[in-house]
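Fold the following for me, if possible:
(chains A and B)
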Amino acid sequence: MNTLHLLPCMTSTIKATALFLLALIVQGCGEDSQKSTSENKTQMSHKMATGTLPTLSPIIPLEITSTVNPPTLESLQHDFDVFSWQSFIALNWPANADGSPNTNLTIGDQQGAPTVWQLWKESRDIFLPSGKKPPAWNQKDKLPTACQGLALDSLPSHAIYLTQVGKTPNVLDESEEPFQTGPLIDQNGQYTRFEILTNETMFNYIVDNQLYNKKGQKAFAKDTDFPSSNTQSKTVGSIMLKAAWVVMGEKYDARQFHTTQALVYNNPDEQPGVKPACHLETVGLVGFHIAHKTQDEPQWIWSTFEHIANAPTKGQPHSRSFYNYFNAACQDCAINQPPPRPWNPATPHTPPTQVERVIPITNEVKALNAAYHSALESAVAGSVWKNYELISTQWPTNANSPIDPTGAPAPSFLANTTLETYIQGEVPQTSSSCIGCHNNATTTAGLFSDFTYLLQRAH
Amino acid sequence: MNTTMENFVGLSAVLTGFSQEIIAPTLDPVDIKSEYLKKFQDEILKESKDSHLVSQILEQFSTLKNAGKSDQEIGEAMLSDQNTQDFVMACRKLIFMWYSGAWPTISNDGLSTSSELLSSKSYVSGLAWQVMQAHPMGDSKYRYGYWETAPAPLSDYTGH
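So this is what the prediction gives:
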């Protein structure tokens, strides 16, 4: 600050600044053998890699690949967006019974088949009410009592496939968006459902360090430091996911969504007055967050995807006759406002949420989405996955800043219209910023929990 | 130092005492500098009614910088009484804007200053917070419990 003494006006500047501060106080051939099928897929991927279409690969990327030297903010944003699409493709690859990607298939094959991430661990199977040690990675805790009557015998033939790969349907027991900002109501007047999942690396860290209950977190007595992906050892680090699902039927055409069978559970722990109830439903994916801790991004890389028909963008012409969460005929519907309380997913019909995207998708991301949609269509004609688009990727521009633990994220704000509907925008500390918000996350013992609020779910 | 923005950032760094990498980093997702440059150009034109003043200030900075003058020498020259009153006042207002995120208006009698915040972005970008090794009220990048440990050295905040 060696120039301050030069400034004859500094006294008044400081005074004015002080007054100013005070004022602020008060303001992604079948007839041959499996091997040849696999070879064909490999050749196809290679062709894509050398052609104009992006490669579709079941391999989760460990780090971005910088394409410009020296890199710029724009070039790096592109590289992170490519990372996001590569991750989305790999995670939504058809899965084997053990959760590994089925390399005899490609993404988009066998619509409705479980994908890699759908065999990951749901938060409700990690943080058990009793605080006891969660079941092993490939096992589930018992179903809620209300769901137990819906045993596997009652599942339709479609859902039996899920059983064949060793997975019971997911229990969707959350009807409010993260951070308790409110439920999201679909065009049928039903509550959108949510779930949070971790990969095996993250799950193992939680179990190994007994972070699945409050007692274990207190005994841990230090900041959480989940393993990051490592390009040297070629190991996949910690990844956590949030997914938003809409119940199919009436206004929703299941052919337009990635669907699965789910036990939709009304959880009495969410809101007072909610009675436990459970229904087996076909649900369609409408929102998808991917957070991946990498070696160079200790603040994690935050990717968010949505169904292409979720909502129009504020101030722009409507391009669709039907939106998942917007009704053009409703002229006086309040935009991006949660429904009035009380919130109860058992309500037969709640007025639908009128949603608009506040921050437009950039032209660069739109171009990348178009390239990946072409690749997906080229791999499987009519692939449902071309109905999903990247919104953006948030990443730290200065990961090792000594004064800013958020690492100056870019873009500064990022929201998914199904997961952060009501906190979209560009107001600091108010609008949705993945890194900015998760930077504040702690364990139940009040210590830094490494950018996840999951540990707060411990009992 | 060629472009208007480069000169603006260079001058701002000299006058505020912060390094360029702090106020306008190479990877700059916030990009407060663009907001400040526009405000600077608009307000100085409005106040001085001199359409050449901003370019004159930036050109003088460029000349001094290209002549190999130190930051100290450049700062002294920019704020020298040998410049016009409007020239010097514009430089002072530039400092005020960077530190407070607001544009100052001095009363006709010169005894008081009022200020207008540019935006929520400028509010959290004010260098005053950095000098205090603190954070704006209502917005913090520090983690829960940060108050338990001493802040990083001032040099980490200023870049010098």
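
What is the neighbour count of the closest residue to A:Asp450 other than its chain neighbours?
Spatial nearest neighbour of A:Asp450, chain neighbours left out: A:Thr224 (4.2 Å); criterion: Cβ to Cβ, 6 or more residues apart in numbering or on different chains. C-beta here means a position set from N, CA and C on the backbone, and glycine is covered the same way. Neighbour count for A:Thr224, taken as other Cβ atoms under 10 Å in any protein chain shown: 21.

ranges for the helices of the stretch 251-400 of chain A?
For the stretch 251-400 of chain A, applying DSSP state H, counting those that start in this stretch gives helices covering A:363-379.

Next to chain B in this structure, residues from it, please.
Counting by Cβ under 8 Å from any Cβ of the partner chain, the stretch 251-400 of chain A comes close to chain B at A:397-398.

What residue in the stretch 251-400 of chain A comes nearest to chain B?
Using Cβ to the nearest Cβ, A:Thr397 is the residue of the stretch 251-400 of chain A that sits closest to chain B, at 3.9 Å.

Isn't that residue up against A:Gly407?
Yes. At 6.7 Å, A:Thr397 counts as touching A:Gly407 under the criterion of Cβ atoms under 8 Å.

ranges for the helices of chain B?
Using DSSP state H, the helices of chain B run over B:4-16, B:20-23, B:32-48, B:53-66, B:71-78, B:85-100, B:120-125, B:127-131, B:154-158.

Return the set of buried residues in the fifth one.
Neighbour counts using 16 or more other Cβ atoms under 10 Å in any protein chain shown place B:71, B:74-75, B:77-78 of helix B:71-78 among the buried residues.

Find the nearest non-adjacent residue to the residue nearest the centre of chain B, please.
With distances taken as Cα atoms, centre = their mean, B:Trp98 lies nearest the centre of chain B, 3.3 Å away. Sequence neighbours aside, B:Thr16 is the residue nearest to B:Trp98 in space, at 4.9 Å (criterion: Cβ to Cβ, 6+ apart).

which residues does the one you found contact?
Neighbouring residues of B:Thr16 by Cβ atoms under 8 Å, 6 or more residues apart in numbering or on different chains: A:3, B:23, B:95, B:98-99, B:127.

same check, this time on A:Val247
Residues near A:Val247 by Cβ under 8 Å, 6+ apart: A:186, A:188, A:190, A:193, A:264, A:281-283.

could you dump those to JSON lines with distance to A:Gln256 and pLDDT?
Listed next are these as JSON lines, based on distance: Cβ to Cβ, whole Å; pLDDT from 0 to 100:
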{"residue": "A:Asp186", "distance to A:Gln256": "14", "pLDDT": "97"}
{"residue": "A:Asn188", "distance to A:Gln256": "15", "pLDDT": "98"}
{"residue": "A:Gln190", "distance to A:Gln256": "17", "pLDDT": "96"}
{"residue": "A:Arg193", "distance to A:Gln256": "18", "pLDDT": "93"}
{"residue": "A:Val264", "distance to A:Gln256": "20", "pLDDT": "89"}
{"residue": "A:Glu281", "distance to A:Gln256": "16", "pLDDT": "89"}
{"residue": "A:Thr282", "distance to A:Gln256": "13", "pLDDT": "92"}
{"residue": "A:Val283", "distance to A:Gln256": "13", "pLDDT": "94"}
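
one step back: for chain A, tell me which of the buried residues of helix B:71-78 show up nearby.
The subset of those within reach of chain A, by Cβ under 8 Å from any Cβ, is B:71, B:75.

what's the closest of the buried residues of helix B:71-78 to A:Pro58?
If you rank the buried residues of helix B:71-78 by distance to A:Pro58 using Cβ to Cβ, B:Asp71 comes first, at 54.3 Å.

State whether the closest one and B:Ser12 are indeed in contact, as I suppose.
No. B:Asp71 sits out of contact with B:Ser12 when judged by Cβ under 8 Å, with a separation of 11.6 Å.

got CSV for the contacts of A:Val247, with neighbour count too?
Listed next are the contacts of A:Val247 as CSV, based on neighbours: other Cβ atoms under 10 Å in any protein chain shown:
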residue, neighbour count
A:Asp186, 24
A:Asn188, 15
A:Gln190, 24
A:Arg193, 27
A:Val264, 24
A:Glu281, 20
A:Thr282, 20
A:Val283, 27
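
quick one: which of those residues sit in strands?
Counted as lying in strands by DSSP state E, out of these, are A:193, A:264, A:281-283.

Among the contacts of B:Thr16, which pair sits farthest apart?
A:Thr3 and B:Ile23 (13.2 Å).

on that earlier part again, the helices of chain B: which one's closest to A:Phe451?
That would be helix B:120-125 among these, by Cβ to Cβ, at 20.4 Å.

A:Ala379 and A:Pro94 touch, don't they?
No. Using Cβ under 8 Å as the test, A:Ala379 is too far from A:Pro94 to be in contact (11.9 Å).

Now list whatever residues contact both of these two.
Common neighbours of A:Ala379 and A:Pro94 (Cβ under 8 Å, 6+ apart) are A:106-107.

For chain A, what's the nearest residue on chain B?
Chain B approaches chain A most closely through B:Pro29 (3.5 Å), counting by Cβ to the nearest Cβ.

what about that residue, distance to A:Leu414?
Note on B:Pro29: its distance to A:Leu414, by Cβ to Cβ, to the nearest Å, is 11 Å.

Mind checking which of the two has more residues around it?
A:Leu414 (24 against 18).

I'd guessed B:Arg143 sits against A:Gly436; true?
No. The criterion here is Cβ under 8 Å, and B:Arg143 misses it with A:Gly436 at 11.4 Å.

Of those two, which one has the most company?
Counted by other Cβ under 10 Å, B:Arg143 and A:Gly436 do not tie: A:Gly436 has more neighbours, with 21 against 16.

residue contacts, the residue of the stretch 351-459 of chain A found nearest chain B?
Here the stretch 351-459 of chain A gets closest to chain B at one residue, A:Ala410, 3.5 Å apart by Cβ to the nearest Cβ. By Cβ under 8 Å, 6+ apart, the contact set of A:Ala410 is A:73, A:76-77, A:394-397, B:27, B:29.

could you dump the residues you listed to TSV with pLDDT?
Shown next, in TSV, are the contacts of A:Ala410 (pLDDT from 0 to 100):
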residue	pLDDT
A:Leu73	97
A:Leu76	98
A:Gln77	98
A:Gln394	98
A:Trp395	98
A:Pro396	98
A:Thr397	98
B:Leu27	98
B:Pro29	97
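
And those, which is closest to A:Ile423?
A:Gln394 (14.2 Å).

thought the closest one was touching A:Cys434?
Yes. Contact criterion Cβ under 8 Å: A:Gln394 and A:Cys434 qualify, at 4.9 Å.

shared neighbours of those two, anything?
Joint contacts of A:Gln394 and A:Cys434 (Cβ under 8 Å, 6+ apart) are A:302, A:409, A:414.

Among those residues, which lie within strands?
A:302, A:409.

And A:Gly51, what's its pLDDT?
For A:Gly51, the model assigns a pLDDT of 55.

in the sheet, who's paired with the nearest residue to the residue of chain B closest to chain A once chain neighbours are set aside?
Counting by Cβ to Cβ, 6+ apart, the nearest residue to B:Pro29 once its immediate chain neighbours are dropped is A:Ala410, at 3.5 Å. Beta-bridge pairing for A:Ala410 (DSSP bridges): A:Trp395.

returning to that earlier point: for A:Pro144, find the nearest of the helices of chain B.
Nearest of these to A:Pro144, taken as Cβ to Cβ: helix B:120-125 at 43.3 Å.

Buried residues, the closest one. List them.
In helix B:120-125, counting by 16+ other Cβ under 10 Å, buried: B:120-125.

same deal with stretch A:143-153?
In stretch A:143-153, counting by 16+ other Cβ under 10 Å, buried: A:143-144, A:146-147, A:150.

Do I have it right that A:Pro338 meets A:Thr192?
No. Using Cβ under 8 Å, A:Pro338 makes no contact with A:Thr192, being 11.7 Å away.
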